[in-house]
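Engineer: For reference, the sequence and a predicted model appear below.
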Amino acid sequence: MGLFDKLKSTFKKTEVDSEKIEVAANETTSSTEENENAAASESLKQTTELISPSDSTSADKAISEISEIETENEAASDENLNQPLEVQEKYQAGLSKTRKSFGERLNELFANFRSVDEDFFEEVEEALIGADVGFEVSIKISEALRQEVKLKNAKNKAQIQNIIIEKMVDLYEADGIDENNQLNLQEGLTVMLFVGVNGVGKTTSIGKLAHRYRQAGKKVILAAADTFRAGAIDQLVAWGRRADVEVVRGREGGDPASVVFDAIERAKTEGADILLIDTAGRLQNKLNLMKELEKINRVIRREIPDAPHETLLVLDATTGQNALEQAKQFKEVTGLSGLILSKLDGTAKGGIILAIRSTLHLPVKLVGLGEEIDDLENFSSESFIFGLFKDLLEQE
């Protein structure tokens, strides 16, 4: 079953279950009223009996039906998403701004809806571009929408809105075929290199990931190889204390590659499981950055031939299309294995994930869904799609 089919199935089940719950609740109310009337009548005859066993059984049965429906709904949700309920809730809460923004754009699109003509398709493109799904993705969705509307002879608002969502989900799913969103952990030492411009949440993401692995019982070491940005070393040291992991550092303005070498030696000596390396993000001077990253990679490969096992670009989700541009430029500067999208909970521009997947074919591996130390989550396509569109499907 595809992502859209799962989304639609859950949507229909929610609609049906809501009706069942309402009916069962009405039965409970009715049964309760009958109980009260019976009790009042019986109290005139015999004060020791307040309610008949049959009435009590009827009320209990209705309440039981509500409980069963809610349990079934929760089980279906878990089956669809394969994520702990807490994580599903984080995704839904984290994508609430994006979901609301996209919903508002759909409402604006259909506010003056009269017919499906060329002007309407142009408005669809503009609405999607405004939702930060990207120009190329917007064109693809618009073209797919043209064909599907003609094929299904869709004419009303609900049908067309659902087709727009279906095409977005289908395109997103197609672009992610064979995509690996899992971090490449090794049997021995796993080395991860982090890149990204200043202010995107790179050091914070490293600290949160260090905390996760520390909590899992791993021996973690951090390398403060961003030696040029003022305060970068101290910031990583502060995160090291917070996550209770060791930080290898050098002097401010020193050679980043030498810090990486020292960190690898320390990791080997101490039998560490995870080495997380922070680097500078001076994208305004791409040549210097490229040379610096090349030197760091040479040092890593000389000591551990198959490393780094991950080179992760951290992007700030709140910057929308600017994040996509940063990803393009970093892809030119260094080989990337995946992305971390920080601050997803603080933006209405979560649609940028669709643009990144379609344009760059880079997997998002981690997302920031809050400010707490344990709010860095593994990326899940299903949780993302459900969090983005779960309230937007319409009953046709």
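Structural biologist: All right, it came through fine.
Engineer: Now do the strands in this structure.
Structural biologist: In the chain, the segments counted as strands under DSSP state E are 190-195, 220-225, 246-248, 274-279, 310-316, 338-342, 364-368, 376-378.
Engineer: okay, these in CSV with mean neighbour count, distance to L171 and mean pLDDT next?
Structural biologist: C-beta coordinates here come from the backbone N, C-alpha and C atoms, glycine included. Shown next, in CSV, are those (neighbours: other Cβ atoms under 10 Å; distance: least, Cβ to Cβ, whole Å; pLDDT from 0 to 100):
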stretch, mean neighbour count, distance to L171, mean pLDDT
strand 190-195, 24, 28, 97
strand 220-225, 27, 38, 97
strand 246-248, 20, 42, 97
strand 274-279, 27, 33, 97
strand 310-316, 25, 20, 95
strand 338-342, 25, 18, 93
strand 364-368, 24, 16, 93
strand 376-378, 20, 23, 92
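Engineer: Reformat the ones you listed as JSON lines; add distance to I160.
Structural biologist: JSON lines is the format used below for those (distance: least, Cβ to Cβ, whole Å):
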{"stretch": "strand 190-195", "distance to I160": "41"}
{"stretch": "strand 220-225", "distance to I160": "50"}
{"stretch": "strand 246-248", "distance to I160": "54"}
{"stretch": "strand 274-279", "distance to I160": "47"}
{"stretch": "strand 310-316", "distance to I160": "32"}
{"stretch": "strand 338-342", "distance to I160": "30"}
{"stretch": "strand 364-368", "distance to I160": "29"}
{"stretch": "strand 376-378", "distance to I160": "33"}
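Engineer: Report pLDDT for I63.
Structural biologist: Note for I63: predicted pLDDT of 49.
Engineer: for T32, same thing?
Structural biologist: Residue-level pLDDT assigned to T32 equals 51.
Engineer: L81 too?
Structural biologist: 45.
Engineer: Report the contact partners of A327.
Structural biologist: L313, L315, L336, L339, I356, L360, L362 (Cβ atoms under 8 Å, 6 or more residues apart in numbering).
Engineer: Mind doing that once more with 7 Å?
Structural biologist: Counting by Cβ atoms under 7 Å, 6 or more residues apart in numbering, A327 makes contact with L313, L315, L339, I356, L360, L362.
Engineer: The fifth one against K331, yeah?
Structural biologist: Yes - in this structure, L360 sits in contact with K331. The criterion is Cβ atoms under 7 Å, and the distance is 6.4 Å.
Engineer: Looking at those two, which one has more neighbours?
Structural biologist: A direct count of neighbours by other Cβ atoms under 10 Å for L360 and K331 places L360 higher, at 17 against 14.
Engineer: Before we move on, what's the pLDDT of the residue nearest to that one when sequence neighbours are not counted?
Structural biologist: Once flanking residues are discounted, L360 sits nearest to A327: 5.6 Å by Cβ to Cβ, 6 or more residues apart in numbering. pLDDT, A327: 89.
Engineer: Find the least confident helix or strand in the protein, judged by mean pLDDT.
Structural biologist: Each helix and strand of the chain was given a mean pLDDT (mean pLDDT, DSSP states H and E); the minimum falls on helix 53-81 at a mean of 47.
Engineer: how much space between K349 and A323?
Structural biologist: Per Cβ to Cβ, to the nearest Å, K349 is found 8 Å from A323.
Engineer: Who has more neighbours out of those two?
Structural biologist: Each of K349 and A323 has its neighbours counted (other Cβ under 10 Å); A323 has more, 28 against 24.
Engineer: Who are the contact partners of the more buried one?
Structural biologist: L315, D316, A317, I352.
Engineer: let's see it at 10 Å
Structural biologist: By Cβ atoms under 10 Å, 6 or more residues apart in numbering, A323 lies in contact with 132, 196-197, 200, 313-317, 339, 341-342, 347, 349, 352-353, 355-356.
Engineer: next one: S142
Structural biologist: Counting by Cβ under 10 Å, 6+ apart, the residues that S142 touches are F120, F121, E122, E123, V124, E125, E126, A127, L128, I129, I164, K167.
Engineer: picking up where we left off before, closest to L145 out of the contacts of A327?
Structural biologist: Using Cβ to Cβ, I356 is the member of the contacts of A327 that lies nearest L145, at 21.4 Å.
Engineer: what sits against that closest one?
Structural biologist: I356 makes contacts with 133-134, 137, 175, 313, 315, 323-324, 327-328, 339, 341, 362-364, as judged by Cβ under 10 Å, 6+ apart.
Engineer: The same query, at a cut-off of 6 Å, please.
Structural biologist: L324 (Cβ atoms under 6 Å, 6 or more residues apart in numbering).
Engineer: Pull the residues that contact stretch 303-321.
Structural biologist: By Cβ under 6 Å, 6+ apart, the residues outside stretch 303-321 that reach it are 132, 184, 186, 190-196, 200, 202, 205, 264, 300, 323, 330, 335-344, 346-347, 349, 352.
Engineer: Centre of the chain to that stretch, how far?
Structural biologist: The chain centre lies 17 Å from the centre of stretch 303-321; the measure is Cα atoms, centre = their mean, to the nearest Å.
Engineer: What of stretch 169-177?
Structural biologist: The chain centroid and the centroid of stretch 169-177 are separated by 15 Å under Cα atoms, centre = their mean.
Engineer: in that stretch, what's buried?
Structural biologist: V169, D170, L171, Y172, E173, D175, G176 (16 or more other Cβ atoms under 10 Å).
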